[in-house]
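**Student:** Quick one: sequence and predicted model below, then my questions.
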Amino acid sequence: MKENNQTQTIERPSLIRHLSEAFRAFGEFKRTTEFYRAFKGYKKGDGHPVLVIPGFLGSNTSTRRLRKFIKRLGYISYDWGLGRNYADLEEVEVLMELVDKIYAKHNEKVSLVGWSLGGVYAREIAKNKSDKIRQVITLGSPFGGITEPNNAAWLFEIIKGKPVEELESEWLVGLENPAPVPTTALYTKEDGVVSWKVCREKKEDDWHQNVEVRGSHMGLANNATVWFLIADRLQYGQENWEHFKYNGRMRNHVDFPLRNTASV
């Protein structure tokens with residue numbers, strides 16, 4: 001079992017990295033277009049439902065291309081249906097009701113894909129609805145330290161009129177605790193919004209894995225490597241879950257750090 005060193009200092013991403021976010025995200029967006037055209041080789045998905053939750057200030061539009069890709073894979077893709085994500089905590093309750101409805105409609109467990117704050121929501125949903133959740137995939141989600149220094153706190157304070165530290169204490173307590181379902185936490189050391197150190201599970205075990213990708217925070221939902229990994233993860237359920245190991249497929253379109261590469 002691997003355990004992250006949670007005593008390490010958490011620093012705000014550099015200003016240069018933060019200011020380059022939009023430029024880097026645009027490049028990632030372009031690469032997904034090429035990836036989408038070239039992608040092949042996976043068997044058709046089993047048709048189970050997948051709910052995609054956007055990040056802070058994101059909307060259904062921000063996840064549209066990702067949801068289209070998930071649909072192409074052979075799954076039923078759902079947007080969260082709540083417009084723009086303004087970090088209203090009551091939305092978690094609404095999303096749990098949505099999970100109930102999706103589960104009842106398909107009689108299938110739901111996979112959750114959450115980007116940034118959306119991934120924090122996804123983990124909380126899975127903790128409360130574990131009997132209806134198949135797996136969770138988080139994209140640069142700071143569940144390991146949402147109040148740690150970051151480059152989004154100022155925007156949150158302007159919109160909400162209070163610092164993130166004043167969020168309901170009951171909601172913050174235990175936020176880093178893992179959900180009792182298979183979970184893949186994607187993070188990038190090039191993140192210019194939040195520290196990558198707080199986007200990882202504290203401990204990796206048979207059902208919880210941290211996977212490093214390359215890219216910006218703003219571009220994670222439109223990143224070819226992320227799409228590749230989501231395609232791989234959605235094939236699995238709780239009964240046959242296994243850790244991700246990149247085996248070199250589509251090497252001209254995806255870019256995984258060496259630590260995620262299977263030994264030859």
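**Tutor:** The structure has been received and is ready for your questions.
**Student:** Distance of K43 relative to L73?
**Tutor:** Distance, K43 to L73, by Cβ to Cβ, to the nearest Å: 10 Å. From N, CA and C alone the C-beta is placed, and that goes for glycine too.
**Student:** The two: which has the busier surroundings?
**Tutor:** Neighbour count, other Cβ atoms under 10 Å: between K43 and L73, L73 has more, with 19 against 8.
**Student:** Got the confidence number for that one?
**Tutor:** Here the pLDDT value assigned to L73 is 95.
**Student:** Dihedrals phi and psi, it?
**Tutor:** When read as degrees, to the nearest 10, the backbone of L73 gives phi -70, psi -20.
**Student:** which residues does it contact?
**Tutor:** L73 makes contact with Y42, K44, G45, A231, L234, according to Cβ atoms under 8 Å, 6 or more residues apart in numbering.
**Student:** same deal with Y187?
**Tutor:** When contacts are counted by Cβ under 8 Å, 6+ apart, Y187 touches G140, W196, C199, R200, N210, V211, E212, V213.
**Student:** What is the neighbour count of the closest residue to D191 other than its chain neighbours?
**Tutor:** Of all residues not flanking D191 in the chain, H217 sits nearest, at 4.5 Å (Cβ to Cβ, 6 or more residues apart in numbering). A total of 29 residues lie near H217 under the criterion other Cβ under 10 Å.
**Student:** Go ahead and confirm H217 touches S195.
**Tutor:** No: between H217 and S195 there is no contact under Cβ atoms under 8 Å: 10.4 Å.
**Student:** Helix or strand: which one has G114?
**Tutor:** strand 110-115 (DSSP states H and E).
**Student:** Strand partners (parallel or antiparallel) of that strand?
**Tutor:** The pairing partners recorded for strand 110-115 under DSSP bridges are strand 49-53 (parallel), strand 133-139 (parallel).
**Student:** Follow the chain on from that strand and name the next helix or strand.
**Tutor:** For strand 110-115, the succeeding helix or strand toward the C-terminus, using DSSP H and E, is helix 117-128.
**Student:** Can you list the neighbours in contact with that following helix?
**Tutor:** Defining contact as Cβ under 8 Å, 6+ apart, one finds that helix 117-128 is touched by 52-56, 58, 80, 85, 87, 91-92, 95-96, 99, 112-114, 133, 136-143, 146, 175, 177-181, 183, 185.
**Student:** what about F256, neighbour count?
**Tutor:** F256, neighbours per other Cβ under 10 Å, totals 20.
**Student:** how much space is there between it and D232?
**Tutor:** Distance, F256 to D232, using Cβ to Cβ: 11 Å.
**Student:** the helices in the stretch 101-250 of the chain, which residues?
**Tutor:** Assigned by DSSP state H, counting those that start in this stretch, the stretch 101-250 of the chain shows helices spanning 117-128, 153-160, 169-172, 224-233.
**Student:** Flag the shaky bits of the stretch 51-200 of the chain, pLDDT-wise.
**Tutor:** Residue ranges of the stretch 51-200 of the chain with pLDDT under 70: 149, 153-171.
**Student:** Swap in 90 and give it another go.
**Tutor:** Applying pLDDT under 90 to the stretch 51-200 of the chain picks out residues 57, 87-90, 145-175.
**Student:** Neighbour count, pLDDT and distance to R24 added to the contacts of L73, as TSV?
**Tutor:** Converted to TSV, the contacts of L73 look like this (neighbours: other Cβ atoms under 10 Å; pLDDT from 0 to 100; distance: Cβ to Cβ, whole Å):
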residue	neighbour count	pLDDT	distance to R24
Y42	14	70	27
K44	9	86	33
G45	17	91	30
A231	20	95	22
L234	22	97	26
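**Student:** Distance of the spatially closest residue to E201 that is not a sequence neighbour relative to E91?
**Tutor:** In space, E201 comes closest to H208 once its chain neighbours are excluded; the distance is 4.6 Å by Cβ to Cβ, 6+ apart. Per Cβ to Cβ, H208 is found 24 Å from E91.
**Student:** Who has more neighbours out of the two?
**Tutor:** Comparing H208 with E91 by other Cβ under 10 Å, the one with more neighbours is H208, at 22 against 19.
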